[in-house]
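[1] Return a 3D structure for these sequence lines:
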Amino acid sequence: MSLTGLLFGTELIEILQGLFAPQFDSIFESISLLGSDAVLVALSSMIYWCLDKRRGRTVTYVLFMGAYLNFFLKFLVPWPRPPVEYHIVEKSEIQHGFPSGHAQDSATFWSWIGLDFRKRILPILGMVIVVAVGLSRIYLGVHYPGQVIGGWIIGVAVAGLGMVFLRRLPFRMNEMQAIPQVSFAFVALVPILVAIGLGAAGEVNPIHIGGYLFGFSLGALAEDRYVRFKTEITSAKRILRVVVGSATTGFFVLVLDSILPETGMITGFINAVMRGLTVVVIAPAIFKVIERG
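    Sure, this is the predicted structure:
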């Protein structure tokens, strides 16, 4: 056993699967979900709905910009995933494996939360989740350890650089200004054009990232102008918002998927735009109606 074999080979995958498979497959799959984009976007939405609009918006922007970076690194770095016979999930070989998206996204999210909220428990909780998600990806056979470690490093770097950039902005994120916000919405579409230029148009991932950012950015401006919901609310209202917001988003996702399939470039983009709008302005508008009554 060598360090090279552990980091860049299948030795650690074989050790973990030998110890725990197949009895613990469902447990590791559940842990892996904690690093999925669906769960992290849901957590970001709950922060936005229930705790702090500024923090909910900024963590969403940082998370999705990091997702862009992950897409381009996977496209440009030809480091394949482990052989398919090691895969417990994601049996088809559809893209390269560096860096691990689950490891990067979870590291970005929890690093940002720790830096932004400055609660002592959050970095500890975040570290436990990030490490567990990374190990689950190795156990499930879909990433080499080196790909997971790379995801961790890049995720922490994205959060750290994002925080430095945010502090140097000439305006505060909780003071929504039209020109910077609209400019950001359109700048967020540039990577889609770059992906098309690189011949990655067949990959729908950048379409979804850019579409969500576009809808979320413009929707945040609309929310600030016309909805103006507050997050200084009781615990009971927070619970109600999580339920109503999740149900509203889930309903729109089901409807959108039926009429605007994610697999097409144009329909996928519109679908993503509408999802961003739903989270940032449609669900909050529903909150105001319910809470007013």
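[2] Please report phi then psi for Ala21.
    phi -80, psi 150 (degrees, to the nearest 10).
[3] ok, it touching Tyr86?
    No: in this structure Ala21 lies outside contact range of Tyr86 using C-beta atoms under 8 Å: 10.2 Å. Every residue, glycine included, has its C-beta placed from N, CA and C.
[4] low pLDDT regions in the stretch 151-293 of the chain?
    The model of the stretch 151-293 of the chain has pLDDT under 70 over residues 169-177, 179, 201-204, 293.
[5] Show me the helices in the stretch 51-200 of the chain, by range?
    The residue ranges that make up the helices of the stretch 51-200 of the chain, judged by DSSP state H, counting those that start in this stretch, are 53-76, 101-117, 121-139, 145-167, 178-187, 190-197.
[6] So for Phe214, which of those sits nearest?
    helix 178-187 (5.1 Å; C-beta to C-beta).
[7] So what touches that closest one?
    With contact meaning C-beta atoms under 8 Å, 6 or more residues apart in numbering, helix 178-187 is reached by 61, 171, 213-214, 217-218, 220-221.
[8] swap in stretch 17-27?
    Residues lying outside stretch 17-27 but in contact with it, judged by C-beta under 8 Å, 6+ apart, are 28, 86, 88, 139-141.
[9] got the buried residues for it?
    Within stretch 17-27, the residues that qualify as buried by neighbour count (16 or more other C-beta atoms under 10 Å) are 17, 21.
[10] same deal with stretch 24-44?
    Within stretch 24-44, the residues that count as buried by 16+ other C-beta under 10 Å are 28, 31-32, 34-35, 37, 39-44.
[11] which residues does Ile209 contact?
    For Ile209, the contact set (C-beta under 8 Å, 6+ apart) comprises 64, 67-68, 71, 191, 272.
[12] circling back to that earlier point, deepest in the core, which of the helices of the stretch 51-200 of the chain is it.
    Across the helices of the stretch 51-200 of the chain, the average number of neighbours (mean count of other C-beta atoms under 10 Å) peaks for helix 101-117, which reaches a mean of 25.
[13] Can I get it as CSV, trimmed to CA atoms?
    What follows is helix 101-117 as a C-alpha-only set of coordinates in CSV (Å, rounded to 0.1, in the frame of the first residue of the first chain):
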residue,chain,number,x,y,z
GLY,A,101,-18.7,18.2,-7.2
HIS,A,102,-20.3,16.9,-4.0
ALA,A,103,-17.0,17.5,-2.0
GLN,A,104,-16.5,21.0,-3.5
ASP,A,105,-20.1,22.2,-3.2
SER,A,106,-20.4,21.0,0.5
ALA,A,107,-17.0,22.6,1.3
THR,A,108,-18.0,25.9,-0.4
PHE,A,109,-21.4,26.0,1.4
TRP,A,110,-20.2,25.1,4.9
SER,A,111,-17.0,27.2,4.7
TRP,A,112,-19.1,30.2,3.7
ILE,A,113,-21.7,29.6,6.4
GLY,A,114,-18.9,29.4,9.0
LEU,A,115,-17.3,32.6,7.8
ASP,A,116,-20.5,34.5,7.4
PHE,A,117,-22.5,33.5,10.6
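[14] Could I get the average pLDDT for that helix?
    Across helix 101-117, the average pLDDT comes to 95.
[15] okay, the angle between that helix and helix 53-76?
    150 degrees (axes from the mean of the first three to the mean of the last three C-alpha atoms, to 10 degrees).
[16] other SSEs contacting helix 101-117?
    Identification of packing neighbours for helix 101-117 by 3 or more C-beta pairs under 8 Å, 6 or more residues apart in numbering; DSSP states H and E yields helix 37-50, helix 53-76, helix 121-139, helix 145-167.
[17] could I get the longest one in CSV with only the CA atoms?
    Provided in CSV are the C-alpha atoms of helix 53-76 (Å, rounded to 0.1, in the frame of the first residue of the first chain):
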residue,chain,number,x,y,z
LYS,A,53,-32.1,37.6,3.1
ARG,A,54,-28.6,38.9,2.4
ARG,A,55,-26.9,35.8,3.6
GLY,A,56,-29.3,33.6,1.7
ARG,A,57,-28.6,35.5,-1.5
THR,A,58,-24.8,35.6,-1.2
VAL,A,59,-24.4,31.9,-0.3
THR,A,60,-26.5,31.1,-3.4
TYR,A,61,-24.4,33.3,-5.6
VAL,A,62,-21.1,31.8,-4.3
LEU,A,63,-22.4,28.2,-4.5
PHE,A,64,-23.5,28.6,-8.1
MET,A,65,-20.3,30.4,-9.2
GLY,A,66,-18.4,27.6,-7.6
ALA,A,67,-20.6,25.1,-9.6
TYR,A,68,-19.5,26.9,-12.8
LEU,A,69,-15.9,26.5,-11.8
ASN,A,70,-16.5,22.8,-11.1
PHE,A,71,-18.0,22.3,-14.5
PHE,A,72,-15.1,23.9,-16.4
LEU,A,73,-12.5,22.0,-14.4
LYS,A,74,-14.3,18.7,-15.1
PHE,A,75,-14.4,19.6,-18.8
LEU,A,76,-10.8,20.7,-19.0
